[in-house]
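Asker: Based on what follows, work out the 3D shape:
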Amino acid sequence: MSGSPAFLMRLVASGFSIAEKAQVIVQQVMSGGDLGVVEKTGAHDLQTKADRLVQLSICSSLARKFPKLTIIGEEIVVWVDPLDGTKEYTEGLLDHVTVLIGFSYAGKAIAGVINQPYYNYQAGAGAVLGRTIWGVLNLGVFGIQLKEAPEGKHIITTTRSHSSKLVNDCICAMKADEVIRVGGAGNKVIQLIEGKASAYVFASPGCKKWDTCAPEAILHAVSGKLTDIHGNPFQYHKDVKHMNSAGVLATLKNFDYYASLVPDSVKTALVP
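Answerer: Reported below is the predicted structural model:
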């Protein structure tokens, strides 16, 4: 598998088109009224008809256009989350929901596509519903306007559905002026890029590589940083374990400041 820039751009362009189709599927399932919800491992780990249909659409489209591509691999690995924020989707918190397609090369997240099927859904009649954001390392990010969080304000975005003592202990240590609890890793990274939050903190296992690959690539493409809670970079080669067992820490700027505030007790509890 070639790691050439031309091939990567073809892959990302296809990812963009596929994500736009995924947006339509997500919207159609919601408007149809039957979400087809099933529990995977419990009440906080759900799957819907939209998850299943989008996964099938993305994988079949990529396989058709790139028959030699192995989806989660050879050198380029594709990490797909068909519906990031499934629980929020089932509860009608539609602005939390994203479709994630991440591309890695030699174990490193290098490009990503994030679709927000319900971007602008509260803007009223006439507003364009949904948007697709894409980015490539060393090229930039497109489809979103970069904005920094207010200077001197420490605004933390964190999990809405998977809180724990470790998560709360870590957030307390961050000396936050405000804590925003929302669903979806993609959604949280978008909050960093749009200046709504200054750090994304999730001091817990549970997040997977398909949750973080696309958001990480997009955040890194605008000079941000996303790592585990120890500051270690994630690896995305085909044989890596899927669970991000040491949590997530991400910022657009001032990463070292937030990393320095992570309590030792949290670091000890979260083994990479």
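Asker: Let me see the ranges of the helices in this structure.
Answerer: With DSSP state H as the criterion, the chain has helices at 5-32, 49-65, 86-90, 165-173, 185-193, 209-221, 255-260, 264-269.
Asker: okay, those in TSV with mean neighbour count, distance to residue 202 and mean pLDDT next?
Answerer: Every residue, glycine included, has its C-beta placed from N, CA and C. As requested, the helices of the chain are exported to TSV (neighbours: other CB atoms under 10 Å; distance: least, CB to CB, whole Å; pLDDT from 0 to 100):
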stretch	mean neighbour count	distance to residue 202	mean pLDDT
helix 5-32	18	23	93
helix 49-65	18	21	91
helix 86-90	22	15	92
helix 165-173	17	7	94
helix 185-193	27	8	98
helix 209-221	28	10	98
helix 255-260	15	12	97
helix 264-269	14	11	96
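Asker: wait, what's in contact with the residue nearest to residue 187 when sequence neighbours are not counted?
Answerer: Nearest residue to residue 187, sequence neighbours excluded (CB to CB, 6 or more residues apart in numbering): residue 96, at 5.0 Å. Going by CB atoms under 8 Å, 6 or more residues apart in numbering, residue 96 touches 85, 88, 89, 160, 182, 183, 184, 187.
Asker: now the second one: how far from residue 30?
Answerer: The one in question is residue 88. From residue 88 over to residue 30 the distance is 12 Å, taken as CB to CB, to the nearest Å.
Asker: Quickly list what's touching both of those two.
Answerer: Common contacts of residue 88 and residue 30, defined by CB under 8 Å, 6+ apart, comprise residue 94.
Asker: show me the contacts for residue 25.
Answerer: Contacts of residue 25 by CB under 8 Å, 6+ apart are 50, 53, 54, 57.
Asker: which ones are touching the residue nearest to the third one when sequence neighbours are not counted?
Answerer: Spelled out, it's residue 54. In this structure, residue 54 finds its nearest non-sequential neighbour in residue 82, 3.6 Å apart by CB to CB, 6+ apart. Taking CB under 8 Å, 6+ apart, we find residue 82 in contact with 22, 50, 51, 52, 53, 54, 55, 58, 99.
Asker: Is the first one in contact with residue 57, as I believe?
Answerer: Yes: look at residue 22 against residue 57 with CB atoms under 8 Å: they come within range, at 6.1 Å.
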